[in-house]
Every structure is written in structure tokens, then in C-alpha cells.
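Peer 1: Any chance you can model this:
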Amino acid sequence: MSKKPSSGWLGPILLLLLGSLNILSGAFQLDSIFQGPAVPIEETDSPHYFLTPFPIVVHIIVGILFNLLAPFQFAPALLRKWPRYHKWMGRVLVISALGVALTGMWMNENFPVFGGFLKYSGVHLSAIGLILSLALAIRFILRKEVRKHKIWMMRAIALGLGPATQRLIIMPVFFAYGLPSELTIGLLVWGGYLINLAFVEWLLFKERKQQTLSLQTSLQGQ
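Peer 2: Numbering: from 1, shown residues only. This next block holds a predicted model:
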């Protein structure tokens, strides 16, 4: 691996670019809520945005915070130079991630259903997976098992960025075919989470393989 100081920034930059899809979408939704509906509420496509805005606003705010902080937790330069930043921002990140998961589950349970059972189950299971991943990450860092802590934080970030990947997929689908069906929405929801998790597991597999090769080379040189 490259020893250049700049090399450690590629991952955080890509994560920030991906998360910017959530940030921009959230900012647009906040503006729409604060501006109010342009037509009577009952005539809007999503009246619950204006009738019950509190959980939506909380979800968006903690989501923006999560998407801003998550990339920098994986910047080696910041971890080396400012370990206290990593520690305290990690705590803020965990709180914001829990806020995202809990408000997401509440809205998924109480707001009008779209996307069918696939979307409903995908949101619930991903939120539960996010909470469990955070719990395991906290457990391992308290036990000073940094490697396992990092692995579970990677999985938590993957789940937290699921909606960004969904937006990345749905944009070309929307422009090509128009408003997607409920089945398509449900598949896209699952696709966003599974693609992110598969990518993380691929990175971990590559790292394990590289470590094994390095160990074998070291043993052969003795």
C-alpha cells in the first residue's frame, strides 16, 4: 500500500461524495417542509411531511450529521494527529446513527406504505442491523479490540449510507422508465443496503488475503 499522506483520503472523499446525495436530498426536503405546501395539504403527494414533520426533520438533521462525520472517521491522518477528535466525533456519530435508525423505523411503521413489503422489511432490518453493528463496535472498542471495532463500524457506515446508494441507482431508473413501481422501489431499497455491505465484505476479504500473503512471504524469508 502507498505510504503517501494523501493516499488515506481517497476512501473518505468517496464516502463524502456518496453521502452528499443524502445531504442534498435532506436539505431539499427540509426547505420544502419549512416553506410549506404550494397547494392544500390534502392535495400533496406526501401530506404527512406537513402534518407530522417532527420525526422527518429529526431524521434529516441527524442523517446530515451522520453523512458529514462518517467519512472522516476513516481518515488515517486525522486518527494519527487528532485521536481525541476521532473519539469524540465517533460518539456524536453513534448518537446520530441511532437517531437515523430509530426515526427511520418509526416513520416506516407509522407513515403511509409505499414500496410494499420489500421496502418495509428492508428499512426495518437495515435499521436493526445498524443498531446491532454500532453495539458490537462499541463493545469491541471498550475491550480495546480496535480491528473488530473498525470492521463493525464499516458495516454500520455501509448500512447508514444505504439510502445514498439507493438514490444513486434510482436516478437512472427514474429518467429511463419514469416513476418506479412498488416492486422496483422495494428492490432498490434492498439493493442499496446489500451493495454497500457486499462492498465492505469485499474490502475485508482483500485485506485478509493481503495479510495472509504477507505472512506467507515473511515465513518463507526466514
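Peer 1: other SSEs contacting the longest helix along the chain?
Peer 2: Using DSSP state H to assign secondary structure, the helix with the most residues in the chain is helix 182-220. Where contact means 3 or more CB pairs under 8 Å, 6 or more residues apart in numbering; DSSP states H and E, helix 182-220 is packed against helix 116-142, helix 146-160, helix 162-177. For glycine as for every other residue, the C-beta is placed from the backbone atoms N, C-alpha and C.
Peer 1: Pipe those into CSV and attach distance to Leu68, mean neighbour count and mean pLDDT per row.
Peer 2: What follows is the helices and strands packed on helix 182-220, written out as CSV (distance: least, CB to CB, whole Å; neighbours: other CB atoms under 10 Å; pLDDT from 0 to 100):
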stretch, distance to Leu68, mean neighbour count, mean pLDDT
helix 116-142, 17, 18, 96
helix 146-160, 12, 20, 96
helix 162-177, 12, 16, 88
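Peer 1: Of all the residues in the longest helix of the chain, which ones are buried?
Peer 2: In terms of neighbour count (16 or more other CB atoms under 10 Å), helix 182-220 has its buried residues at 184-193, 195-197, 200.
Peer 1: what angle sits between it and helix 116-142?
Peer 2: Orientation of helix 182-220 against helix 116-142 (axes from the mean of the first three to the mean of the last three CA atoms, to 10 degrees) gives an angle of 30 degrees.
Peer 1: what's the average pLDDT for helix 182-220?
Peer 2: On average, the pLDDT along helix 182-220 is 88.
Peer 1: One more: stretch 37-52?
Peer 2: Taken as a whole, stretch 37-52 has an average pLDDT of 83.
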